[in-house]
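S.K.: Need coordinates for the below:
(chains A and B)
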2 protein chains.
Amino acid sequence: MAEQVTIAVDAMGGDAGPSVVLDGTAQALAADPNLTVILCGPAEEVEPFAASHERCIARATTQVIEMGEHPANAVRQKKDSSIVVGCRLVKEESAQGFFSAGSTGACLAAATLVMGRVKGVKRPALSQVLPSYDRPTLLMDVGANADCKPEYLVQFAQMGTVYMEKIMGVENPRVGLLNIGEEETKGDIFAQETFELLRAQIPQFAGNCEGGNLIAGDFDVVVTDGFTGNVTLKTIEGTAKVLFKYLKDAFYSSAKTKVGAVLVKSELAELKKKVSPDTYGGGALLGVKGACVVGHGSSNATAIKNGILFTATTARSHVPEIIAEKVAAVSAAASVAAGE
Amino acid sequence: MAEQVTIAVDAMGGDAGPSVVLDGTAQALAADPNLTVILCGPAEEVEPFAASHERCIARATTQVIEMGEHPANAVRQKKDSSIVVGCRLVKEESAQGFFSAGSTGACLAAATLVMGRVKGVKRPALSQVLPSYDRPTLLMDVGANADCKPEYLVQFAQMGTVYMEKIMGVENPRVGLLNIGEEETKGDIFAQETFELLRAQIPQFAGNCEGGNLIAGDFDVVVTDGFTGNVTLKTIEGTAKVLFKYLKDAFYSSAKTKVGAVLVKSELAELKKKVSPDTYGGGALLGVKGACVVGHGSSNATAIKNGILFTATTARSHVPEIIAEKVAAVSAAASVAAGE
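M.R.: Numbers count the residues shown, from 1 in each chain, chains lettered A, B, ... in the order given. The predicted structure follows:
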């Protein structure tokens, strides 16, 4: 039986408004009998819903952080926004995790400033599971840190391997560095430096991963800086979207192809779901003191449901605590090696 | 009637060996009656072929640059390699362009060192036409310069717009900067600086282009540094490849789907061709004194044919000369503005 867990949910997160979030929350509660949700948002949205759903608590908030607001400023100024309040509930240990499909920047800032970084973690990183052929691949950082130092990627690798071991059950996850070409001397100056650090410090480091191999299933964890990671992630999503558009055109081009389309309809729908970002419902921010998952702004109710359930899984796997131990252990070993 | 043009071809370029190159060359010559090819490679490969094909001249070479050799060193040491000789033929004006599916690094080094940079161009850039929905999109730099300065991207934009106007016939090509998010303040430090320069100096600059919009057909030219461009390009190719793999699995999953597959077979083959890098046969290196096109190592004969024909088109469009005029004009204007 799964452990009881409480997740704070941002009722105002997402382009489609609170009704979609509430719908997704209802589905998550129904799917997980050991889940409790603290729903954060305006009283008129959250109180009726909480009153009519078991294992749901209302936490009324009076402010909202809009898309486009400067993240750190918004987090500092809007202390009673659903995003900041949700993270504070985790800080106060009223909840073990927080989920929002709202402003990614604001979620990252709130998690970092309010939940706080795991001791020793230089920079938390936003991760995303890619729909790789045969086995899932975790890509990080996909947008928390546009500019990185090589040492941050070493920690990304450490955090990512904890995630894949504890949440995905992968033994000895293979770690790759997103880079150009497979030869180790290739890449820009940043990639070359990072390669050397990873080789020295990450036992599971298995070399460079080219863009073309990202979803080929060659690696379990692939690390990169937040700029490259975000562009790459969006490129995968955009490419899949355009290909499905092209496919649709092909299928609707004649009577013959329309018949063909009907025959493969459910398999194609399965495939679309498989490569959709909705399946996991979001990406986990690793390196903060609590489970924090950020969903796509365009999330529908199913994606919201999946995002909340995924946050619960992350919290139950105690990933933040294990990351804390691992980072502390690595720091201690480094201190010993440095003769402190 | 198309202008007569002579293209030097590297017979040794490509993973599959000279026979594939010869096959592609034969097809290109057959398709273009105003094309002459100077075939560079070992005498025993090129002389029999040239003797039996009209408009083909043999240029026997005695050295080969292998994949994996350090590019600049190989170019300096192997002066009688097919790649160096091919570029030299352009320098000597015996040919107007050079095509190879061999080592990208060696081709870039040879073109830069032997053909020479167009006066005023700081860094030549490797470009690639993407199979965008509705309209082709030129992405550059896709690998010539892993580390860039913001000012290089301004020139990439200038060169890319010449290309799209003269080769693709696009009036007023829209230029985008590959970046995270659409707000202009987003991005890493490099992207933010580059955005400002592009805004000030490129009239056709239309803002940031997210990874997701790259093949959505929103821009005609998208500029980025060589590292990001290469990873992004390889990601698009790899994502398409995996999706087709998934599609194949879906189609072969049952008797019903197999029937469906037969009904859409030719449309799918068309689609696969549409998004394949083989269609253009390669990417043009812009900013060197001559047409230079680099093909995928995995090129089959059709891709080789397309690459050679594309090199001929690039040469006939006088893109290098127009780039030279444009860069000179921009420099002159900048000097006047600076009061020199």
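S.K.: looking at it, residue A:101 is touching residue A:14, isn't it?
M.R.: Yes - contact between residue A:101 and residue A:14 holds when scored by C-beta atoms under 8 Å: they sit 3.8 Å apart. Backbone N, C-alpha and C define where each C-beta goes, glycine included.
S.K.: what touches both of those two?
M.R.: Residues touching both residue A:101 and residue A:14 comprise A:21, A:295, A:297, A:299, A:304, with contact defined as C-beta atoms under 8 Å, 6 or more residues apart in numbering or on different chains.
S.K.: coming back round to it: so for residue A:101 and residue A:14, which sits in the more crowded spot?
M.R.: The residue with more neighbours, out of residue A:101 and residue A:14, is residue A:101; 29 against 26, by other C-beta atoms under 10 Å in any protein chain shown.
S.K.: Pull the contacting residues for the more buried one.
M.R.: The neighbours of residue A:101, taking C-beta under 8 Å, 6+ apart as the test, are A:10, A:13-14, A:21, A:282, A:294-297, A:299, A:303-304, A:307.
S.K.: what would the residues you listed look like in CSV with pLDDT and distance to residue A:152?
M.R.: Supplementary listing: these in CSV, determined by pLDDT from 0 to 100; distance: C-beta to C-beta, whole Å:
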residue, pLDDT, distance to residue A:152
A:10, 97, 27
A:13, 91, 27
A:14, 88, 29
A:21, 97, 32
A:282, 88, 22
A:294, 95, 19
A:295, 93, 24
A:296, 89, 24
A:297, 87, 26
A:299, 90, 28
A:303, 93, 29
A:304, 96, 30
A:307, 95, 25
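S.K.: Pretty sure residue A:147 sits in a strand.
M.R.: No - for residue A:147, which was evaluated using DSSP: H, G, I helix; E, B strand; the rest coil, the result is coil, with no strand membership.
S.K.: give the contact list for it.
M.R.: In this structure, residue A:147 makes contact with A:225, A:226, A:227, B:188, B:189, judged by C-beta under 8 Å, 6+ apart.
S.K.: so what's it scoring on pLDDT?
M.R.: Model confidence at residue A:147, expressed as pLDDT, equals 94.
S.K.: swap in residue A:184?
M.R.: In this model, residue A:184 is scored at 50, pLDDT.
S.K.: Kindly report the same for residue A:55.
M.R.: According to the prediction, residue A:55 has pLDDT 97.
S.K.: excluding its backbone neighbours, what's nearest it?
M.R.: On the basis of C-beta to C-beta, 6 or more residues apart in numbering or on different chains, the spatially nearest residue to residue A:55 that is not a chain neighbour turns out to be residue A:36, at 4.5 Å.
S.K.: Pull the number of nearby residues for the one you found.
M.R.: By the measure other C-beta under 10 Å, the count of residues near residue A:36 is 18.
S.K.: re the thing from before, export the contacts of residue A:101 as CSV, with columns for distance to residue B:140 and secondary structure.
M.R.: As requested, these are arranged in CSV below (distance: C-beta to C-beta, whole Å; DSSP: H, G, I helix; E, B strand; the rest coil):
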residue, distance to residue B:140, secondary structure
A:10, 40, strand
A:13, 37, coil
A:14, 36, coil
A:21, 41, helix
A:282, 33, coil
A:294, 32, strand
A:295, 34, coil
A:296, 29, coil
A:297, 30, coil
A:299, 34, coil
A:303, 35, helix
A:304, 39, helix
A:307, 37, helix
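S.K.: would JSON lines of these with distance to residue B:178 be doable?
M.R.: Below are these laid out as JSON lines (distance: C-beta to C-beta, whole Å):
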{"residue": "A:10", "distance to residue B:178": "30"}
{"residue": "A:13", "distance to residue B:178": "27"}
{"residue": "A:14", "distance to residue B:178": "26"}
{"residue": "A:21", "distance to residue B:178": "32"}
{"residue": "A:282", "distance to residue B:178": "24"}
{"residue": "A:294", "distance to residue B:178": "22"}
{"residue": "A:295", "distance to residue B:178": "24"}
{"residue": "A:296", "distance to residue B:178": "20"}
{"residue": "A:297", "distance to residue B:178": "21"}
{"residue": "A:299", "distance to residue B:178": "25"}
{"residue": "A:303", "distance to residue B:178": "26"}
{"residue": "A:304", "distance to residue B:178": "30"}
{"residue": "A:307", "distance to residue B:178": "28"}
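S.K.: As a check, name the ranges of all strands in the stretch 151-300 of chain A.
M.R.: Counting by DSSP state E, counting those that start in this stretch, residue ranges of the strands within the stretch 151-300 of chain A are A:175-178, A:205-209, A:221-223, A:283-286, A:291-294.
S.K.: Chain B is nearest to which of the ones you listed?
M.R.: strand A:175-178 (6.1 Å; C-beta to the nearest C-beta).
S.K.: Confidence-wise, which helix or strand of chain A is lowest on average?
M.R.: Within chain A, confidence by mean pLDDT, DSSP states H and E is lowest for helix A:319-337 among all helices and strands, at a mean of 80.
S.K.: Okay, buried residues for that helix please.
M.R.: Neighbour counts over helix A:319-337 (16 or more other C-beta atoms under 10 Å in any protein chain shown) mark A:319, A:320, A:322, A:323, A:324, A:326, A:327, A:330 as buried.
S.K.: what do you get for stretch A:80-97?
M.R.: By 16+ other C-beta under 10 Å, the buried positions in stretch A:80-97 come out as A:81-91, A:95-97.
S.K.: can you check stretch A:195-211 too?
M.R.: Counting neighbours by 16+ other C-beta under 10 Å, one finds that the buried residues in stretch A:195-211 are A:195, A:197-198, A:201-202, A:204-211.
S.K.: returning to what we had before: the residue nearest to residue A:55 contacts residue A:4, doesn't it?
M.R.: Yes - here residue A:36 reaches residue A:4: they are 7.2 Å apart, a contact under C-beta under 8 Å.
S.K.: Restricting the selection to alpha carbons, write stretch A:152-171 to CSV.
M.R.: Presented in CSV, the C-alpha positions along stretch A:152-171 are these (Å, rounded to 0.1, in the frame of the first residue of the first chain):
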residue,chain,number,x,y,z
TYR,A,152,26.7,22.4,-11.9
LEU,A,153,26.3,19.7,-14.5
VAL,A,154,28.2,17.3,-12.3
GLN,A,155,25.5,17.8,-9.7
PHE,A,156,22.8,17.5,-12.3
ALA,A,157,24.2,14.1,-13.1
GLN,A,158,24.2,13.1,-9.4
MET,A,159,20.7,14.3,-8.9
GLY,A,160,19.5,12.7,-12.2
THR,A,161,20.9,9.3,-11.3
VAL,A,162,19.1,9.4,-7.9
TYR,A,163,15.9,10.1,-9.7
MET,A,164,16.3,7.4,-12.3
GLU,A,165,17.2,4.8,-9.6
LYS,A,166,14.5,5.7,-7.1
ILE,A,167,11.6,6.7,-9.3
MET,A,168,12.2,4.7,-12.5
GLY,A,169,13.9,1.8,-10.9
VAL,A,170,16.9,1.9,-13.2
GLU,A,171,20.0,0.1,-11.9
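S.K.: Much appreciated, bye for now.
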